[in-house]
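1. what would the 3D arrangement of this be:
(chains A and B)
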2 protein chains.
Amino acid sequence: MDRTGRLDRLRSRMTADGVSQLLLSDLLNIRWLSGFTGSNALMLVSADRTVLITDSRYEIQLAEQTPSWIAPVISGSADGDRADDHIVGSLEGSTLTIEADSMSVAALESLESAIRDAGRPVDLARSEGLVADLRRIKDAGEIDRLRRAARIADAALEATLTWLRPGKTERRVARQLEWEMAERGSERPSFETILASGPNGGMPHARPSDRQLVEGDLVVIDFGATVDGYGSDMTRTIVIGNQPTDVQRRWYDNVAAAQAVGVAAIQAGTALRSIHRDTHGHLVASGQNGVYQHGTGHGVGLFIHERPILSSRIEGDVELGMALTVEPGAYLAGVGGVRVEDLVVVTPDGCEALSRFPKGLVPSL
Amino acid sequence: MDRTGRLDRLRSRMTADGVSQLLLSDLLNIRWLSGFTGSNALMLVSADRTVLITDSRYEIQLAEQTPSWIAPVISGSADGDRADDHIVGSLEGSTLTIEADSMSVAALESLESAIRDAGRPVDLARSEGLVADLRRIKDAGEIDRLRRAARIADAALEATLTWLRPGKTERRVARQLEWEMAERGSERPSFETILASGPNGGMPHARPSDRQLVEGDLVVIDFGATVDGYGSDMTRTIVIGNQPTDVQRRWYDNVAAAQAVGVAAIQAGTALRSIHRDTHGHLVASGQNGVYQHGTGHGVGLFIHERPILSSRIEGDVELGMALTVEPGAYLAGVGGVRVEDLVVVTPDGCEALSRFPKGLVPSL
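-> Numbers count the residues shown, from 1 in each chain, chains lettered A, B, ... in the order given. So this is what the prediction gives:
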């Protein structure tokens, strides 16, 4: 993984933003920069130094996982040995910028108290989304992991198709799908698997239940695998029994057509907002009922819902190296739902779909 | 689940603390009070009203999951329709208390901006751990779920024992254990399974690797099941091949004896701090090397590491209905580790162990 490249990008951005010292509190930002995967960490980045603070549970792991340019600190080994004091002790200048979107109000107060205790003048500044903005653009190592995760998910769904028949419960099929991903090297599901049949599909974020699949059900399957922390994200909607009704076909075709419009719109330089507008607008114009009110998609990386969120309010353009989902849907309360989603990565030619599982209410493999 | 009882307890606590309106931003606190499991929610509680705000993805789920005393609000359906505005619009008095430990600095700023936009005077106050403190004491419904999760974990480990033999990788055995839990009704592992063999056991929080088990390895297995959101937590250490050395036996016996001392010390009215002091002290006094520097245990509920944390710094006493882990360990870098952990619930007679899987380097079932 290109960690020094990331650190260089962060330092350039810090210089541009006038940030001399940045305190990272978001664990995924810390992992992205350092490789450290522990559940407790703070990281201090200045122009020429990088300090990572964790506790004794992770002493060995910290040494093994992180590159030599990181100065490790173990805090909490003695009474009153607080991570905040190590932060204050490591400061080089008099201004410290925090991550306002990940640091809690209480954590900020604790840091302020450590600064007061140390009796040195420190000006606290705030930043928001500084590292998250950098993480929007994936490097080759990240795209490779996303692709491997997507391939695992594709193969796992194929292996699970024989379970999608009347009498099986949503929960049982979801478990099978997760098992097939684990068998192929997935660390864990990249988010809580959605497998919503019949009326349950009317809820965009349903959880697998003990409902048994019934002939003629639409089933929305939204799931992903994880490789080295990077998650995939794909949705397919299929019909149990392979005999969709005309209404189900029309419904599906409307959503799938809108999804294709969204994917076709993705190319570097296009306004992100227009991806949402085109996809959503196409589905509305088709006369479909129950058109989704959620966003059209989102970035994917170490976090499953990361920047940019494809909504009507998003600023900025599509950029090379972004990994985005396109996932329009239509939901009828009490009746069911249809959603189709691919994970794509932005290339010089437009975009490449990482999800490859065939589409269609009756998937033809 | 006794939701109105919880709401009553919260309102009494709010009155005692002089909190007239509380804004909940911690999703587990919101779930604990309301039953709502969506990934986006804010909740406003005053003396006579409870408002829950989420987005359109969860409209049906919100109606299905939450009791009638909750006023539901769907935000974000139109451009510029912000959850913060609904909060401000729902305020009844002029003081609003936030959860400082879950609300981010950025979320607080956004709320402050909505208050300014509304042009009404609101004094913001802070609270910390107010609901988390209530959640320390489990009601009968919660203890039932913890017990069911613990039983699933016990049975899953028993079913996995045949996999604990030379040549199997840590990852494969961990996957089998997770599968056996899912088969028995666990929603998901209650945290990332630790299955650390040989030298990997020297890291208290190792992740399962592709290392193959070897005859004579110590294997630390720390894992749990989840029932209705409530997780179990148990650690056993076993030896591959059933032939522990004398050194391994001594090591194990020291840790297990300390663990038993900790469990025996748990009864209502005892200082929480003394549980840590007694357990840790016993292990140090036994002459064991590599005695743990982590806490001796923690509360367990909807969150796997919740209050109280059993450390030398913890205030307060053991109380009836607390669910606590006791998990001393000893770790030798590059050599291995031993940890023994039970989940217990505090009863009028002391405590009841929810983990029942037999202890011992060679578990005798």
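2. near chain B, which residues of the stretch 151-300 of chain A?
-> Residues of the stretch 151-300 of chain A lying near chain B by Cβ under 8 Å from any Cβ of the partner chain: A:175, A:178-179, A:182-183, A:188, A:192, A:202-207, A:293-294. Every C-beta, even on glycine, is put in place using the N, C-alpha and C of the backbone.
3. please list only the buried members of these.
-> For these, a burial check counting by 16 or more other Cβ atoms under 10 Å in any protein chain shown picks out A:175, A:178-179, A:182, A:188, A:192, A:202-207, A:293-294.
4. now do A:Arg57, the pLDDT please.
-> Predicted confidence (pLDDT) for A:Arg57: 83.
5. what helix or strand does whichever residue of the stretch 251-365 of chain A sits closest to chain B sit in?
-> As assessed by Cβ to the nearest Cβ, chain B sits closest to A:Gln293 within the stretch 251-365 of chain A, at 4.0 Å. Under the criterion DSSP states H and E, no helix or strand holds A:Gln293.
6. pLDDT at it, what is it?
-> pLDDT for A:Gln293: 89.
7. burial of the closest residue to it other than its chain neighbours, as a residue count?
-> Distance criterion Cβ to Cβ, 6 or more residues apart in numbering or on different chains; nearest residue to A:Gln293, sequence neighbours excluded, is B:Ser56 at 4.0 Å. When neighbours are counted by other Cβ atoms under 10 Å in any protein chain shown, B:Ser56 registers 16.
8. returning to what we had before: now render the buried ones among the residues of the stretch 151-300 of chain A next to chain B as a markdown table, adding distance to A:Glu341.
-> Below are those laid out as a markdown table (distance: Cβ to Cβ, whole Å):
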| residue | distance to A:Glu341 |
| --- | --- |
| A:Arg175 | 21 |
| A:Glu178 | 18 |
| A:Trp179 | 22 |
| A:Ala182 | 22 |
| A:Arg188 | 19 |
| A:Glu192 | 15 |
| A:Gly202 | 17 |
| A:Met203 | 16 |
| A:Pro204 | 11 |
| A:His205 | 13 |
| A:Ala206 | 15 |
| A:Arg207 | 18 |
| A:Gln293 | 16 |
| A:His294 | 11 |
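9. could you list which of those residues belong to helices?
-> A:Arg175, A:Glu178, A:Trp179, A:Ala182 (DSSP state H).
10. tell me which residues touch the first one, please.
-> Applying Cβ atoms under 8 Å, 6 or more residues apart in numbering or on different chains, we find A:Arg175 in contact with B:Trp179, B:Ala182, B:Glu183.
11. any idea how far B:Gly185 is from it?
-> 10 Å (Cβ to Cβ, to the nearest Å).
12. check the third one too.
-> Summarising the geometry, the distance separating A:Trp179 from B:Gly185, computed by Cβ to Cβ, is 15 Å.
13. show me where the stretch 1-150 of chain A has strands.
-> Taking DSSP state E, counting those that start in this stretch, the strands of the stretch 1-150 of chain A run over residues A:21-24, A:42-46, A:50-55, A:71-75, A:95-99, A:123-127.
14. partner strands of the fifth one, with direction?
-> Paired strands of strand A:95-99, with direction, are strand A:21-24 (parallel), strand A:123-127 (parallel) (DSSP bridges).
15. distance from the chain centre to it, please.
-> From the chain centre to the centre of strand A:95-99 is a distance of 25 Å (Cα atoms, centre = their mean, to the nearest Å).
16. then the last one?
-> Its chain's C-alpha centre and that of strand A:123-127 lie 27 Å apart, by Cα atoms, centre = their mean.
17. average model confidence for that strand?
-> Mean per-residue pLDDT for strand A:123-127: 96.
18. the first one now?
-> Averaged across strand A:21-24, the pLDDT comes to 98.
19. other residues contacting that strand?
-> Taking Cβ under 8 Å, 6+ apart as the rule, strand A:21-24 contacts A:10, A:14, A:30, A:33, A:42-46, A:87, A:91-93, A:95-99, A:103, A:111, A:127, A:130-131.
20. buried ones among those residues?
-> The buried subset of the contacts of strand A:21-24 - by 16+ other Cβ under 10 Å - is A:10, A:14, A:30, A:33, A:42-46, A:87, A:91, A:96-99, A:103, A:111, A:127, A:130-131.
21. residue farthest from the centroid of chain A?
-> Within chain A, the residue lying farthest from the chain centre (Cα atoms, centre = their mean) is A:Gly119, at 40.8 Å.
22. now it: phi and psi?
-> Main-chain torsions, A:Gly119, degrees, to the nearest 10: phi 70, psi 30.
23. look up how far A:Val88 lies from it.
-> The gap separating A:Gly119 from A:Val88 is 10 Å, by Cβ to Cβ.
24. where along the stretch 251-365 of chain A do the strands fall?
-> A:297-299, A:306-310, A:323-326, A:329-332, A:336-339, A:342-347, A:350-353.
25. can I get the ones you listed in CSV with mean neighbour count?
-> Shown next, in CSV, are those (neighbours: other Cβ atoms under 10 Å in any protein chain shown):
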stretch, mean neighbour count
strand A:297-299, 24
strand A:306-310, 20
strand A:323-326, 27
strand A:329-332, 23
strand A:336-339, 26
strand A:342-347, 22
strand A:350-353, 17
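26. now those in CSV, with mean pLDDT?
-> Listed next are the strands of the stretch 251-365 of chain A as CSV, based on pLDDT from 0 to 100:
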stretch, mean pLDDT
strand A:297-299, 98
strand A:306-310, 95
strand A:323-326, 98
strand A:329-332, 96
strand A:336-339, 97
strand A:342-347, 98
strand A:350-353, 96
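27. which one of those lies closest to A:Arg82?
-> For those, the distance to A:Arg82 is smallest for strand A:306-310, at 30.3 Å, taking Cβ to Cβ.
28. quick one, domains of chain A?
-> As assigned by automatic domain parsing, chain A contains the domains A:3-134, A:140-353.
29. out of those, which is closest to B:Ile238?
-> Using Cβ to Cβ, these put domain A:3-134 closest to B:Ile238, at 21.4 Å.
30. do me a favour and get the end-to-end distance for that closest one?
-> 13 Å (Cα to Cα, to the nearest Å).
31. and the residue nearest the centre of chain A?
-> Chain A has A:Ile304 as the residue nearest its centroid, 1.7 Å off, counting by Cα atoms, centre = their mean.
32. test my guess that that residue contacts A:Phe191.
-> Yes. Under the criterion of Cβ atoms under 8 Å, A:Ile304 makes contact with A:Phe191 at 4.7 Å.
33. which neighbours do those two share?
-> Listed as contacting both A:Ile304 and A:Phe191 by Cβ under 8 Å, 6+ apart are A:Gly224, A:Gly231, A:Asp233.
34. from the residues you listed, which single one is nearest B:Arg273?
-> For the shared contacts of A:Ile304 and A:Phe191, the closest approach to B:Arg273 (Cβ to Cβ) belongs to A:Gly231, at 40.6 Å.
35. what are the bridge partners for that closest one, then?
-> Counting by DSSP bridges, A:Gly231 is bridged to A:Thr226.
36. for A:Leu195, same thing?
-> Residues in beta-bridge contact with A:Leu195 (DSSP bridges): A:Ile221.
37. now for it: which residues touch it?
-> A:Leu195 neighbours (Cβ under 8 Å, 6+ apart): A:Glu170, A:Arg171, A:Val173, A:Ala174, A:Leu177, A:Pro208, A:Val219, A:Val220, A:Ile221, A:Asp222, A:Phe223.
38. how about the least confident helix or strand in chain A by mean pLDDT: buried residues?
-> The weakest-scoring helix or strand in chain A, judged by mean pLDDT, DSSP states H and E, is helix A:59-65 (a mean of 87). Across helix A:59-65, burial judged by 16+ other Cβ under 10 Å covers A:Glu59, A:Ile60, A:Gln61, A:Leu62, A:Gln65.
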